[in-house]
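A.B. asks: Dropping the sequence and predicted coords here.
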Amino acid sequence: MSRLGDYPGLPLLFGVQIRTMPFRIVLQFHGDKRNSLTMWHAANKKALSNDKWMKVISLAGDALQMVHSRGFLHNDLKANNMVLERRSNGFNPEIIDFGKRFVD
């Protein structure tokens with residue numbers, strides 16, 4: 001995960017805990033207090049206009065392209081593994097849950 005660095009569309013890695021089981025990865029949380037908005041929920045609630053969806057999908061594609069360029073495959077990319085963070089100019093997608101990733 002640290003090879004991915006700080007890139008729009010990916011959560012920041014704060015640390016890892018590997019001394020005892022279960023191992024943990026501590027990542028940046030995207031949402032309001034305790035809740036996050038997944039792409040799945042946004043689609044079902046029709047929360048975004050078509051123009052905003054086009055921007056979100058484009059940004060998600062940019063992030064996924066960077067992940068692949070660093071030798072990673074997510075292996076579980078779906079609407080519930082992408083959260084939308086509200087920004088002043090719309091929504092920013094964040095790819096989460098790299099638990100099934102493959103590293104080349």
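C.D. replies: Nice, thanks for sending it over.
A.B. asks: Can you find the helix or strand in the chain with the smallest mean pLDDT?
C.D. replies: strand 102-103 (a mean of 62; mean pLDDT, DSSP states H and E).
A.B. asks: Buried residues, stretch 43-55. List them.
C.D. replies: Under the neighbour-count criterion of 16 or more other C-beta atoms under 10 Å, stretch 43-55 has 48, 53, 55 buried. Where C-beta positions appear, they are placed from N, C-alpha and C, glycine not excepted.
A.B. asks: Which single one of those is nearest to residue 38?
C.D. replies: residue 48 (12.4 Å; C-beta to C-beta).
A.B. asks: Now that closest one. Nearest residue, chain neighbours left out?
C.D. replies: On the basis of C-beta to C-beta, 6 or more residues apart in numbering, the spatially nearest residue to residue 48 that is not a chain neighbour turns out to be residue 42, at 5.7 Å.
A.B. asks: ditto for residue 60
C.D. replies: Excluding the flanking residues, the one nearest residue 60 by C-beta to C-beta, 6+ apart is residue 93, at 4.3 Å.
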